[in-house]
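In: coordinates only, sequence not included:
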């Protein structure tokens with residue numbers, strides 16, 4: 001009888017904790033979220049005894065509102081968005097790099113409109129480039145052009161917040177140039193736009209996405225967050241081992257259009273790792289130079305005790 005009871009207790013402990021509150025993670029319809037969906041589809045969270053709910057958002061603004069309200073515990077974000085959300089108040093931490101460890105992952109590009117008399121990145125001097133201000137888009141634009149020798153006064157930008165509208169304005173010629181992420185950059189190229197500069201061709205990765213968690217979630221549910229990252233790591237390894245197995249899911253997650261799906265290159269997602277200070281330092285310097293935040297120390301924004 002005692003033996004049967006012991007076996008029952010072991011089996012019970014191995015079952016997923018269905019009664020617990022799910023760990024709620026905000027995701028956007030971008031390829032960067034793919035490992036989270038793979039982990040869910042493959043039952044990797046459940047194998048860790050964890051219930052995870054992926055909460056979809058159509059915009060960063062909606063996601064940030066949910067973070068502020070405590071409706072989600074964490075999210076796929078970008079470092080600039082995370083820093084501007086927190087502003088040193090201790091509301092969230094960057095827990096891990098998501099995509100962008102190397103150039104070629106999560107690429108952004110500055111494109112010329114179809115028919116525009118712009119054939120080289122140097123033709124952009126004094127030309128208004130459509131961006132969204134105080135975002136990773138503007139940061140990458142500034143860094144790319146500075147890397148080509150542009151002075152501050154030679155970089156001109158116009159605010160177009162919504163990316164689909166920015167792409168349409170580019171394709172219609174309403175703006176001569178715009179900065180877009182993938183897959184919108186490739187869509188624009190397929191419709192006649194020209195890439196003038198890209199952060200996928202340099203020696204340094206300029207754009208990254210990260211996984212962030214609210215400080216309260218880290219304080220109360222660190223074991224769950226570590227279980228989440230164990231499952232996430234397995235999902236990344238599975239994609240890396242056999243990317244074609246997950247092509248349909250990744251294309252759906254990233255909203256890759258059918259005409260690009262066949263040749264779409266599935267990124268090699270890095271395993272969970274602390275967000276590097278080498279990426280953080282130029283971002284915080286850019287943000288402080290623009291007067292958007294104070295000089296927030298690296299350790300104030302980046303968690304060093306969350307990953308398993």
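Out: Arrived safely, thanks for sending. What you see is a predicted model; the values in this text were computed from it and never measured.
In: Could you use CA atoms for every contact and neighbour count after this?
Out: Fine.
In: Now do residue 9, the pLDDT please.
Out: Per-residue pLDDT puts residue 9 at 37.
In: again with the one 4 residues further on
Out: Among the per-residue scores, residue 13 shows a pLDDT of 39.
In: The one 5 residues further on now?
Out: As predicted, residue 18 sits at a pLDDT of 44.
In: and what of residue 101?
Out: Predicted confidence (pLDDT) for residue 101: 86.
In: Number of residues surrounding residue 285?
Out: When neighbours are counted by other Cα atoms under 10 Å, residue 285 registers 15.
In: Go ahead and list the helix or strand containing it.
Out: Using DSSP states H and E, residue 285 falls within helix 277-289.
In: elements contacting that helix?
Out: Under the contact definition 3 or more Cα pairs under 8 Å, 6 or more residues apart in numbering; DSSP states H and E, helix 277-289 sits against helix 298-301.
In: What's the first helix or strand after the helix ranked longest in the chain?
Out: Ordering each helix of the chain by length in residues (DSSP state H) puts helix 222-241 first. Using DSSP H and E, the next helix or strand after helix 222-241 towards the C-terminus is helix 247-253.
In: helices or strands up against that next one?
Out: The helices and strands touching helix 247-253, judged by 3+ Cα pairs under 8 Å, 6+ apart, are helix 34-41.
In: Not counting its own residues, what contacts whichever helix or strand comes after the helix it packs on?
Out: Using DSSP H and E, the helix or strand that follows helix 34-41 towards the C-terminus is helix 44-47. If you take Cα atoms under 8 Å, 6 or more residues apart in numbering as the criterion, helix 44-47 is touched by 16, 39, 51-52, 227-228, 231-232, 234-235.
In: Quick check, pLDDT for the residue nearest to the spatial centre of the chain.
Out: Of all residues in the chain, the one closest to the mean position by Cα atoms, centre = their mean is residue 209, 2.9 Å from it. For residue 209, the pLDDT comes out at 94.
In: My read is that it contacts residue 80, right?
Out: No. Counting by Cα atoms under 8 Å, residue 209 does not reach residue 80; the two are 9.3 Å apart.
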